[in-house]
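Q: model the structure of this input:
(2 chains)
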Amino acid sequence: MRKPTLMNQILSQVGLLLIGLFVLIPIWSISRLAFDESLKSRPVEFRVLPKDLGFAPMQQVMDRPYQSVTFKNLLRNSLIVSGGSALGAIILGMSLAYAFARFRFPGRKVGLFILLLAAMLPPIALTTALYIVLSILKIRTTLFGLAIIYTTFAMPFCIWNMRAAFQSTPKELEEAAYLDGASNFRTFLEISLPLAIPSIAVSALIAFLMGYSEFAIGWLFIDKSDNVTLAMSIYSILGSGATQPWSQIGSLALIMSLPVVIIFVILQHTLLDQMLLGNTGESS
Amino acid sequence: MKRSNLIRLLTKLLAIILVTSIAWTLRERAVNNLPVDYDEDDYLRAAQQFTELIRAKDWAGFEETNYRAEHPPLSKILFGFSLLSAPEAPLIPDRPTSAGPDQYLPRDLLHNARSMGQVFGTLTVFLLSLLNPIAGLFLAAHTFTIKYVSQVMLEALPALTSLVTVMAYVQSKKHKNASGWLIVSAVFLGLTAASKYLYCLVGIAILIDWYLVSKENDNLRAFVRNVLLWGVLAVALFFLADPYLWPDPINRLKESVFYHAGYATGASEVSNAGFPFWQPFVWLNTSAFYWHEDVFVVGLDFLATILAAFGIMRLWKKERTYVLWLIIAVVFLLLWPTKWPQYILVLTVPLSFAAGEAVAMGWEKALERIRRPRLEKEARQVFNRRDVARSLPWLVPGLIVFIVFTLFPLIFQVAISLTDFNSISIKDGLNGGVWREVWEGLTGQTQPVNQDFPYRSKEVQFTGPTSYVPVFNWITGDGILVFNILWMILSVALQTILGIGAALLLWNKRIRFRRGWQTLFILPWAIPETIGALMWISVFASTFGWLALAVQDFGKEIPIAFLNDWARSPNLTLIVLLIVGLWYGFPFMMLAASAGLKQLPVEVFDAAAMDGANAWQIFRHVTWPLLMPLVIPAIIIRGIFAFNQFYLLQLFGFMHGNYYMTSLATLSYNIFNPSGFGGFNGQFAVSASLNIITLLILVGLVSLFNRWSKAEEGVTYA
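A: The predicted structure is shown next:
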């Protein structure tokens, strides 16, 4: 590609700057609140920079962000629930994904359509039955129950993506191993799985994120403040009319998104490759 | 004449007669049973004045009589004639336009005037059914059309004359000696103008088509001459049919036209109605059936709207003037600030026509499939037995998981939607009450009970599929479904534009800070949706948001201060939601477009640049066609996600009062939530019906998108 002219370079930079500003506005807006020690509740005057720059709100949030629950507890709950659901969705969905990717069997096309549809349903469409079943099992208000719910939401979607991953590994390799006498399961474990690991990891990450930022369905199930996740606590603080200073709300928001942002920025190229080029599947 | 042709002709004739009599009967019911509506007293009073003049043979009085002078008098004069056979009654009092409906109007006068509308309305259906009987049927059963032609409103006559205008114009294209038909068309356009100005939109449609035809035939000089003659004739007829204009044409015309501009921007009833700009779509997707359930037989207006979307291409090929009519009317109604439901009558004729064409198309396709030898069956996949056997160890555990976690909850939803299960009957539900009731109901052991919303029974009861109709009414009547779909289209369109724009800016590897910009731009994608919404709340919140504080400290002169009141206006609320949605969604589209651009061959662009194409030409003719197929899967994925958008709409929903600006998913959540607010919480059964409706809509969308492109091969990350 040719070198852009100076004019083009300048125009492009201006365009990029405008988009960059658009991206930064809300992030800056919440940061200016998060680092402002002077805020007692809602902000009352227009400021571009914090009035008393400092980390006190951050520290308060790290200590005790929501009712009597410690930050450590919230974070632990979030990690258990979203990690558990990511793991669950991957492990439970893997065999179906592999079957769809590798074998032809009657009803495959219909199955794929149902799967796609399930991946596109809003979570609320699956909630009622789980509410009943988990209540009967008496685990409705536990973290384990919540992990199961988020597993359900993420699974169709993970199956769909893992299918694409398995499909893109060369079939010849598997056939060769199979003809060499390796069992079905061994072929899968030693050939297909390692090759698909990056895509599976991406699926797991997305499933993790679903659970990490979900709050609404969580509030239908959890009623003990011990089992609240980070996202749920933020929603609750907002919904309760925000008696807490906005500096703390902002700090909580920043702390919560920081790890995810770091992962995304580090992995952005892997993510991109996996997501957009990782499926050259056959027509179905 | 061949026999088959004769049969076809007779069938069509029969269909026309049938459709016309259906139209007559439905309008007859409406004339007799509809309660008095706004404005009927005004036009009846106007008609009485004309009746008096006619009885007194005071023809000069016509020049000074036109009650409600903002509308031209032709319809009112004809109403006046219709009252001649009725006994005289005291003049109906003069009341402001904002006055409520007057239920004490003299019944015989009302009946006479309404019957005249019935005649015009039925004639309109008759004419349309000449073109396409199915289209006639759609118009005959269109409840808003029935309602407003069968009341003492000004819609019936111009709806008829505008159709005649277009039909005559279309005929003129088919005949060598066109002038006769053109004269008819001009005359009826004049009459249309003398009945209600709004319906003159058909004139614009005709002019555009006329211009296009002349351009195709390289005949622009004759076009100008003919159009001038046609226009002069129409204006002359308008003037002739509007005696009120005779004494002082310029001023009185000015007055009546400017009244509408003033009314649209100034009248309190217009601004109090608080309709969003897309309200006409809401009218088109709901039905007057729900306002007067005893008057109308069915309310299937939405069917005509949906089918019209499919039939519009075929209608364009058949006769584009009708499509132009439809498009111009839609654009006008979206832009015009007054959004009364009767305005949609300006487009129900072409809408029904397009719907009729869609049905004809479906019919032909079905016939084709029956006639064609079944090739598809032969091409059925042959399954390798060994392959199937090998798949079983993978398939069986996978299916068990899938059935337990996904299919069972879905089937349970269907079961719940047939009961009145709610948060009070939860104990019974935990003990298997839902299955018990559905089983007994379906096997006929219990009769379905009729329950009013909200359900508050203590035991689960079988209701049958009765929840579906009111739920569907609710989401169409309140415009929730229309907003949901509008939101999907607009937000994804904006995300695509900005995403592709950003990708193009970052395309050239020599752009400075390329990596840095890209990393910055993916931030919104990496931030959890909840947090993103929270960040934007800190900008847009009504008293303490960044924007509100800026307006408070610097006054209303700052550039985007107009957005500060966003929560009070549905249009501004939509803008704010779109801004936030754009922020969320564009990084994904940018990544998809970047990946697509990487795959494009660089040589093509260099060659195009060598040939002297400018940047826009290269984009329009090279980049876009090559890139489009690569980003379509991403567009589809974003579209589905936007349709189900939850966190953003839920959190912002707390801040604005327009409860209909939500997604079906959000709505379903809020009526499910047992500790939700309002009287409509813990309604598990209603939420379930809503979910099933959502599911059906998604099935439609997914199969539509699937046909559009092979979406299922595409990305599903978002």
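
Q: next structured bit after the helix or strand hosting residue A:128?
A: Applying DSSP states H and E as the criterion places residue A:128 in helix A:127-136. Sequence order places helix A:143-168 as the next helix or strand after helix A:127-136, per DSSP H and E.

Q: give me the distance between that next one and the centre of its chain.
A: 11 Å (CA atoms, centre = their mean, to the nearest Å).

Q: the next helix or strand after that helix versus helix A:143-168: what angle between them?
A: Next helix or strand after helix A:143-168 toward the C-terminus (DSSP H and E): helix A:171-179. Counting by axes from the mean of the first three to the mean of the last three CA atoms, to 10 degrees, helix A:171-179 points 100 degrees away from the direction of helix A:143-168.

Q: for residue B:684, what are its contacts?
A: Listed by CB atoms under 8 Å, 6 or more residues apart in numbering or on different chains, the contact set of residue B:684 reads A:128, B:416, B:421-423, B:426, B:429, B:672. In short, each C-beta sits where N, CA and C put it, glycine included.

Q: mind putting those residues into a markdown table with pLDDT?
A: Formatted as a markdown table, the contacts of residue B:684 follow (pLDDT from 0 to 100):
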| residue | pLDDT |
| --- | --- |
| A:128 | 81 |
| B:416 | 87 |
| B:421 | 85 |
| B:422 | 83 |
| B:423 | 81 |
| B:426 | 78 |
| B:429 | 77 |
| B:672 | 87 |
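
Q: those residues in strands, which ones?
A: The members of the contacts of residue B:684 all map outside strands under DSSP state E.

Q: ranking by neighbours, what's the top pick from the residues you listed?
A: residue B:421 (32 neighbours; other CB atoms under 10 Å in any protein chain shown).

Q: picking that back up, in the helix holding residue A:128, what counts as buried?
A: For helix A:127-136, burial by neighbour count (16 or more other CB atoms under 10 Å in any protein chain shown) applies to A:127-135.

Q: what does it contact?
A: A:140, A:145, A:148-149, A:152, A:217, A:220-221, B:408-409, B:412-413, B:416, B:429-430, B:434, B:672, B:684, B:687-688.

Q: list only buried entries from those.
A: By neighbour count, with 16+ other CB under 10 Å, the contacts of helix A:127-136 hold A:140, A:145, A:148-149, A:152, A:217, A:220-221, B:409, B:412-413, B:416, B:429, B:434, B:672, B:684, B:687-688 as buried.

Q: so what touches stretch B:660-671?
A: A:122-125, A:216-217, B:475, B:478-481, B:483-484, B:487, B:570, B:573-574, B:577, B:643-646, B:649-650, B:653, B:676, B:680-683, B:686-687, B:690-691, B:693-694, B:697.

Q: rewinding a little: with distance to residue B:498 added, can I get the buried residues of helix A:127-136 in TSV?
A: Listed next are the buried residues of helix A:127-136 as TSV, based on distance: CB to CB, whole Å:
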residue	distance to residue B:498
A:127	33
A:128	38
A:129	39
A:130	37
A:131	39
A:132	43
A:133	43
A:134	41
A:135	45
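
Q: for chain B, state which of those is nearest.
A: residue A:129 (3.7 Å; CB to the nearest CB).

Q: SS state for the spatially most central residue of chain A?
A: Chain A has residue A:209 as the residue nearest its centroid, 1.2 Å off, counting by CA atoms, centre = their mean. Reduced to three states with DSSP: H, G, I helix; E, B strand; the rest coil, the structure at residue A:209 is helix.

Q: show me what from the stretch 351-500 of chain B comes close to chain A.
A: Within the stretch 351-500 of chain B, the residues that sit near chain A (CB under 8 Å from any CB of the partner chain) are B:381, B:383-384, B:387-388, B:390-391, B:393-395, B:397-399, B:401-402, B:405-410, B:412-413, B:416, B:429-430, B:434, B:498.

Q: filter these to the buried ones?
A: B:390-391, B:393-395, B:398-399, B:401-402, B:405-406, B:409-410, B:412-413, B:416, B:429, B:434, B:498.

Q: remind me what the helix or strand harbouring residue B:173 packs against, helices and strands.
A: Under the criterion of DSSP H and E, residue B:173 resides in helix B:156-174. Contacting helix B:156-174 under the criterion 3 or more CB pairs under 8 Å, 6 or more residues apart in numbering or on different chains; DSSP states H and E are the following elements: helix B:74-82, helix B:107-131, helix B:143-149, helix B:179-195, helix B:201-216, helix B:320-335, helix B:348-371.

Q: could you give the average pLDDT over stretch B:699-717?
A: Stretch B:699-717 shows a mean pLDDT of 60.

Q: so, low pLDDT: which residues of chain B?
A: The model of chain B has pLDDT under 70 over residues B:1, B:373-383, B:677-679, B:706-718.

Q: please enumerate the helices of the stretch 401-550 of chain B.
A: For the stretch 401-550 of chain B, helices defined by DSSP state H, counting those that start in this stretch occupy the ranges B:408-417, B:426-430, B:433-442, B:468-477, B:480-505, B:514-521, B:523-526, B:529-540, B:546-554.

Q: pick the most buried one from these.
A: Comparing the helices of the stretch 401-550 of chain B by mean neighbour count (mean count of other CB atoms under 10 Å in any protein chain shown), helix B:529-540 comes out on top with a mean of 25.

Q: got a list of contacts for that helix?
A: In contact with helix B:529-540 (CB under 8 Å, 6+ apart) are residues A:25-27, A:29-30, A:33, A:213-215, A:231, A:234-235, A:238, A:246, A:249-250, A:253, A:256-257, B:524, B:527, B:545-548, B:563, B:566, B:576, B:579-580, B:583-584, B:647-648, B:651-652, B:655.

Q: buried among the residues you listed? Need that as a selection in PyMOL.
A: Per 16+ other CB under 10 Å, the buried members of the contacts of helix B:529-540 correspond to this PyMOL selection:
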select buried, (chain A and resi 25+26+27+29+30+33+213+214+215+231+234+235+238+246+249+250+253+256+257) or (chain B and resi 524+527+545+546+547+548+563+566+576+579+580+583+584+647+648+651+652)
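
Q: helices - which of the contacts of helix B:529-540 land there?
A: The helices, defined by DSSP state H, take in A:25-27, A:29-30, A:33, A:213, A:231, A:234-235, A:238, A:246, A:249-250, A:253, A:256-257, B:524, B:546-548, B:576, B:579-580, B:583-584, B:647-648, B:651-652 from these.

Q: which element is residue B:669 on?
A: Using DSSP H and E, residue B:669 falls in helix B:664-672.

Q: which positions within the helix or strand just after that helix qualify as buried?
A: Downstream of helix B:664-672, the next assigned helix or strand under DSSP H and E is helix B:684-708. By neighbour count with 16+ other CB under 10 Å, helix B:684-708 contains the buried residues B:684-695, B:697-698, B:701-702, B:705.

Q: pull the distance from helix B:684-708 to the chain's centre.
A: Distance, centroid of helix B:684-708 to centroid of chain: 18 Å (CA atoms, centre = their mean).

Q: likewise for stretch B:589-604?
A: Distance, centroid of stretch B:589-604 to centroid of chain: 36 Å (CA atoms, centre = their mean).

Q: stretch A:228-235 vs chain B: in contact?
A: Yes. With CB under 8 Å from any CB as the measure, stretch A:228-235 is seen reaching chain B through A:231, A:234-235.

Q: equivalent analysis for stretch A:109-118, please.
A: Yes. Stretch A:109-118 reaches chain B (CB under 8 Å from any CB) through A:112-118.

Q: would you reformat these as TSV and include pLDDT and neighbour count?
A: TSV is the format used below for the residues of stretch A:109-118 next to chain B (pLDDT from 0 to 100; neighbours: other CB atoms under 10 Å in any protein chain shown):
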residue	pLDDT	neighbour count
A:112	81	16
A:113	81	16
A:114	83	17
A:115	82	23
A:116	80	21
A:117	82	19
A:118	83	25
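
Q: understood, closing this out.
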